[in-house]
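Enquirer: quick one, what's the 3D model for this:
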Amino acid sequence: MSKTIVEFKDVVKTYGSGDALLYAVNHIDFKIEEGEFVVILGQSGAGKSTVLNILGGMGFLGC
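Expert: I've put the predicted structure just below:
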């Protein structure tokens, strides 16, 4: 059995509020297990950097 080293469950990151609310990351789930090679791929503005910032502890999810 592989060891899970990272797991995101239903992660949401928003900016702004009300009518100006913007979802940078909208309900993502993924798991990275020891020894896996992972690629984060997407269009410009898809939230790749936001996910990496959250993963690295530089992005805050808020309340």
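Enquirer: identify the residues contacting stretch 31-47?
Expert: 2-8, 13, 24-26, 28, 48, 51-52 (C-beta atoms under 8 Å, 6 or more residues apart in numbering). For every residue, glycine as well, the C-beta is placed using N, CA and C.
Enquirer: what ranges does this protein have for its helices?
Expert: 48-55 (DSSP state H).
Enquirer: pLDDT weak spots in it?
Expert: 60-63 (pLDDT under 70).
Enquirer: need the buried ones from the contacts of stretch 31-47 selected in ChimeraX.
Expert: Those of the contacts of stretch 31-47 that count as buried under 16 or more other C-beta atoms under 10 Å are selected in ChimeraX with:
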select :13,24,25,51
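Enquirer: relative to residue 58, which of the contacts of stretch 31-47 is nearest.
Expert: residue 52 (8.3 Å; C-beta to C-beta).
Enquirer: dump the residue contacts of the closest one.
Expert: Residue 52 neighbours (C-beta under 8 Å, 6+ apart): residue 40.
Enquirer: for it, give its distance to residue 20.
Expert: Distance of residue 52 to residue 20, given as C-beta to C-beta, to the nearest Å: 24 Å.
Enquirer: residue 41 too?
Expert: 28 Å.
Enquirer: what's the answer for residue 50, then?
Expert: From residue 50 to residue 20 the distance is 17 Å (C-beta to C-beta).
Enquirer: check residue 11 too.
Expert: 21 Å.
Enquirer: grab the nearest non-local neighbour of residue 53.
Expert: Distances taken as C-beta to C-beta, 6 or more residues apart in numbering put residue 59 closest to residue 53, at 3.4 Å, once the chain neighbours are dropped.
Enquirer: burial of that neighbour, as a residue count?
Expert: Close neighbours of residue 59, defined as other C-beta atoms under 10 Å, add up to 16.
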